[in-house]
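Asker: I would like to see how this sequence folds:
(one chain, ligands or ions: 1)
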Amino acid sequence: MCGIVGVVPSGVGGMDVAGFLLEALALQEYRGYDSAGIAVVDCDGGGVRRLAVSGRVAKLKEAARAGGFGGFGGGTVDAIAAGIGHTRWATHGAPTERNAHPILAGGGAAIVHNGIIENHDELRAELRGRGRRFRTQTDSEVIAHLFAEGLRAGGDSLRAMRSAAGKLRGAFAVAAIARGRGEIVCARRGSPLLVGEGEGTLFVSSDAPALGGAAKRVLHLADGDCALLRAGEKARIVSAGGRRAGRQWRQTGAARAAANLGGYRHFMKKEIAEQPQAAAAAMADFVGRTGGLRTGAFGGELLRAMRDCRSVNIVACGTSYHAAMTARYWVETLAGTPCRANVASEYRYRADPGAGGSLTVAVSQSGETADTIAAAAAAKEKGARLLAIVNESDSTLARDCGRALPMRAGMEVGVASTKAFTAQLTVLLLLALGIAKEKGTLSARVEKGIVASLRRLPELLRGSLLLEGVMRKWAGEIVSCHSGSLVIPAKAGIQTGGGGKGKAGLDSRFRGNDKVFNDGVLFIGRGGHYPLALEGALKLKEISYIHAEGCAAGELKHGTLALVDAHMPAVVLAPGGALAEKTAANAAEIAARGGRLYVLAAENCGARIAARKIARVDDGCEWISPIVFAPPLQLLAYYAAKIRGADIDKPRNLAKSVTVE
Ligand code: F6R
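Answerer: Numbering: from 1, shown residues only. Next up, the predicted model:
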């Protein structure tokens, strides 16, 4: 999603500001965006220059090189007093060069903005009434005009920004520059923003990795803060109440290793392959070579919250929500404690009478997902104790919750979450075990069995990754049936185009070849594998753009079964255990209607499923089985997307870090 970066160099002319901004934008590309831009203030009272493109940072670099912007790519580096940059994920207005940030306003001001301004229509009308002319269709442009008006009224930058921020409704992180001023002024409410410092140079960014290690220490602005970064001075921070505020600086450890493909063609594939190590890292503190669960690793305060909670309430989005749904089975079965998994965007607006007395667990890879952050805050207001499960330990969610269990999956770059999902599941299973142990519902025998299976998890994941070849074949078949070689039955009464290209009145897919697409793939599962069916469908649709639907196997006959015909591929998740026969019966319902079954079955699944395509996996035991089943589904989606030539690591319309509501 949108990303902000800005820099005020310590000395004039000593730094390639444009080059820094362009590299910083490249480092935050993983967040997902569709246009990019930079703006700088030239030294010696110079004006503001802007460069923006629709498309990738590589295109912006090319434009900078071609135009000699800031001396980027050779020549003398321009003397620049301050600069800001932005990657935009379009919400209001198409991803055009004109709508890209930085956005200029009269008076030589430029702003970059993350978030959504909810009262932008109102503000736009007021500003128009005062003679301001709008160039873009964005909600953000009102900030640029309000800030410029504040400057024109003779206020300093900080006052102008505070006055603009005071008029905004919604979520924002914003940074601004203005003609003749060697400074950046920034503000945030409901969207993260941090200030960095390194050898006298000051930085602002929505996300620490964008600074690439240039900042030696960073501080996270609190909600409502404004900050002024001026060359040669310390960062000045003013709280929502208008007082000078001291915020805590943190040393930024070693710069995070730059994301590196390590010989893979796609980050997604690399991250799928990394799952055995990621799972091992996630459990390292809790599972030793021998013995049971090491509950000491939860820490005394969390253990008390685990013991005392009346219920467990999990909030999350997307893939993280699917992990939460699986955890529900674990917590309820092992700990005998009521557990709910909630879609965070819904939970935040719900009156939840059960929140007080609960342990509310916010699960998020990035720790920056706006809905999850807001859902955790809503639960806290109702009296819940909070715990974050995050991959990014220094994230807003981890800080807001005050307690966090790290997933330790390592940086995930591909937009489709893979290794973070299995690491989340691993940590959630450890948490369920911990709660059960604290509440005294876990027998020594069950604990020993599950912990022994967890020890084997990395090896079992390596085994399930060996299904790669089979998944590639299945993907080929699924894609070919999606891309259409299926004759429309005459009795269906669908007119075809009879070969005439461009004939009106008929969907273009049906023209010319008397063929019809099969629009969908079904994934079914039961128990802990039902959420995995949802996850398999999500993975396939988000990167291959093939429509897919996950369904609780027993729920099929209540509606979804109507979709099944001889052209419908159905992926059946068939672990062993008590529900195996039930799942087999649901698979038979699909087969009886001609559906094409692709069955992923546990080695110990004894149920008879009559299908041409069966792949077997050693899933250890029922508790860890959903974790072991995940990689083949990820590989299926990966190969479907690859065969279709999709942009696997950056699927259209999606972002890695979803910082807007
Ligand atoms: C799908 C995917 C998303 C995220 C969701 C939540 O592959 O990655 O569905 O899971 O946007 O993100 P986090 O976990 O960062 O809160």
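Asker: Please count neighbours and contacts with C-alpha atoms only from this point.
Answerer: Will do.
Asker: is it true that Lys539 lies in a strand?
Answerer: No: assignment of Lys539 by DSSP: H, G, I helix; E, B strand; the rest coil gives helix, placing it outside any strand.
Asker: okay but it is in contact with Ala637, surely?
Answerer: Yes: using CA atoms under 8 Å, Lys539 makes contact with Ala637 at a distance of 5.8 Å.
Asker: Please say which of these two ends up with more neighbours.
Answerer: Ala637 (29 against 25; other CA atoms under 10 Å).
Asker: Bridged to the closest residue to Arg56 other than its chain neighbours, which residues?
Answerer: Among residues not flanking Arg56 along the chain, Ser35 sits closest, at 6.3 Å (CA to CA, 6 or more residues apart in numbering). For Ser35, the beta-bridge partners are Ser54, Arg88 (DSSP bridges).
Asker: Write out the residues of the stretch 201-350 of the chain neighbouring the ligand.
Answerer: 317-320 (CA under 6 Å from any ligand atom).
Asker: same thing but 8 Å
Answerer: Neighbours of the ligand within the stretch 201-350 of the chain, by CA under 8 Å from any ligand atom: 316-321.
Asker: For PyMOL, write the select line for the buried members of those.
Answerer: A single PyMOL command suffices to select whichever of these are buried according to 16 or more other CA atoms under 10 Å:
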select buried, resi 316+317+319+320+321
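Asker: of all the residues of the stretch 201-350 of the chain next to the ligand, which two lie farthest apart?
Answerer: The distance between the two most remote of these (CA to CA) is 8.3 Å, for Ala316 and Thr319.
Asker: Which positions within stretch 379-398 qualify as buried?
Answerer: 379-380, 382-398.
Asker: Ser544: how many residues sit nearby?
Answerer: Ser544, neighbours per other CA under 10 Å, totals 25.
Asker: In three-state terms, label the residue nearest to it when sequence neighbours are not counted for me.
Answerer: Nearest non-adjacent residue to Ser544, counting by CA to CA, 6+ apart: Ala641, 4.0 Å away. The three-state label given to Ala641 by three-state DSSP is helix.
Asker: do you know how far Ala641 is from Pro192?
Answerer: Distance, Ala641 to Pro192, by CA to CA, to the nearest Å: 32 Å.
Asker: Same question for Ile389.
Answerer: Taking CA to CA, one finds Ile389 at 18 Å from Pro192.
Asker: Strands of the stretch 101-250 of the chain, residue ranges please.
Answerer: Here the stretch 101-250 of the chain has its strands, by DSSP state E, counting those that start in this stretch, at 103-105, 109-117, 170-178, 183-189, 194-198, 201-205, 217-220, 226-230, 236-238, 250-251.
Asker: wait, the stretch 551-661 of the chain
Answerer: Using DSSP E, counting those that start in this stretch, the strands of the stretch 551-661 of the chain run over residues 569-574, 596-602, 613-617.
Asker: Please name every helix or strand in contact with the second one.
Answerer: When contacts are defined as 3 or more CA pairs under 8 Å, 6 or more residues apart in numbering; DSSP states H and E, strand 596-602 packs onto strand 569-574, helix 580-592, strand 613-617.
Asker: low pLDDT regions in the protein?
Answerer: Applying pLDDT under 70 to the chain picks out residues 12-13, 72-75, 253-259, 482-518.
Asker: for the ligand, what are the nearby residues on it?
Answerer: 316-321, 363-369, 372, 390, 415-418, 420-421, 538-539, 542, 655-658.
Asker: In strands, which of those appear?
Answerer: Judged by DSSP state E, the residues of the chain next to the ligand include 316, 363-364, 390 as members of strands.
Asker: Dump these to TSV, plus distance to Leu556.
Answerer: Output for those, formatted as TSV (distance: CA to CA, whole Å):
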residue	distance to Leu556
Ala316	26
Val363	29
Ser364	30
Val390	34
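Asker: which ones are touching the residue of the stretch 201-350 of the chain found nearest the ligand?
Answerer: Closest to the ligand within the stretch 201-350 of the chain is Gly318: 3.2 Å, counting by CA to the nearest ligand atom. Listed by CA atoms under 8 Å, 6 or more residues apart in numbering, the contact partners of Gly318 are Val343.
Asker: what does the one 4 residues further on give?
Answerer: The neighbours of His322, taking CA under 8 Å, 6+ apart as the test, are 531-532, 534-535.
Asker: Looking at those residues, spot the one nearest Ala566.
Answerer: Leu534 (22.2 Å).
Asker: can I see the domain layout of the protein?
Answerer: Following automatic domain parsing, one gets these domains for the chain: 3-250, 267-464, 468-496+510-643.
Asker: Could you export these as a markdown table, including distance to Asp649?
Answerer: Shown next, in a markdown table, are the domains of the chain (distance: least, CA to CA, whole Å):
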| stretch | distance to Asp649 |
| --- | --- |
| domain 3-250 | 8 |
| domain 267-464 | 5 |
| domain 468-496+510-643 | 8 |
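Asker: closest one to Lys650 among those?
Answerer: Among those, domain 267-464 comes nearest to Lys650, with 5.9 Å by CA to CA.
Asker: Cheers, nothing more for now.
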